[in-house]
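Engineer: Provided below for reference: sequence and predicted model.
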Amino acid sequence: MKNLSVGIDVGGTFTKIGLVNDKGDVLRSIQIPTDPSKGPANFARRAAAIVKAWSFGSVGLGLAGGVDAKTGTLLFVPNLMGWTGFSFENAFA
């Protein structure tokens, strides 16, 4: 549904994922271990598997550091060592 959005808060230890409506009501939520040592591709696969089961119109990804808005590439991620250079551009499509 286009009026539903997914928010993903990526922390160094845990990631919180929520499905919200256009009024900001949380319809679903889950917390998973981030497991940064397993790498960003592993994380993206695990998070995508969760949100792809939901119907939504947009995804927002929040994490510490910098992201190239055009490519989705991580420029600097202080709490996720080894993730710099990874692109989330198509991870949740």
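Structural biologist: Perfect, thanks for sending it.
Engineer: check which helix or strand covers residue 48.
Structural biologist: Using DSSP states H and E, residue 48 sits within helix 40-51.
Engineer: Let me see the mean pLDDT of that helix.
Structural biologist: The average of the pLDDT scores along helix 40-51 is 94.
Engineer: Would you enumerate the residues in contact with residue 58?
Structural biologist: 5-6 (C-beta atoms under 8 Å, 6 or more residues apart in numbering). Quick note: C-beta positions are derived from backbone N, CA and C, even for glycine.
Engineer: cool, residue 62 as well?
Structural biologist: Residue 62 is in contact with 7-10, counting by C-beta under 8 Å, 6+ apart.
Engineer: hmm, 10 Å instead?
Structural biologist: 7-11, 15-16 (C-beta atoms under 10 Å, 6 or more residues apart in numbering).
Engineer: and residue 28, how many neighbours does it have?
Structural biologist: 15 (other C-beta atoms under 10 Å).
Engineer: again, but for residue 41
Structural biologist: Neighbour tally, residue 41, other C-beta under 10 Å: 11.
Engineer: and it, what does it touch?
Structural biologist: By C-beta under 10 Å, 6+ apart, residue 41 lies in contact with 83, 86, 91.
Engineer: Pull the number of nearby residues for the closest residue to residue 13 other than its chain neighbours.
Structural biologist: Excluding the flanking residues, the one nearest residue 13 by C-beta to C-beta, 6 or more residues apart in numbering is residue 34, at 6.0 Å. Other residues near residue 34 come to 22 when the count uses other C-beta under 10 Å.
Engineer: now residue 34: how far from residue 9?
Structural biologist: Noted for residue 34: a distance of 10 Å to residue 9, by C-beta to C-beta, to the nearest Å.
Engineer: In this protein, where is pLDDT below threshold?
Structural biologist: Applying pLDDT under 70 to the chain flags the ranges 1.
Engineer: hmm, back to that, pretty sure the residue nearest to residue 13 is in contact with residue 77, am I right?
Structural biologist: No: assessed by C-beta atoms under 10 Å, residue 34 is found out of contact with residue 77, at 11.0 Å.
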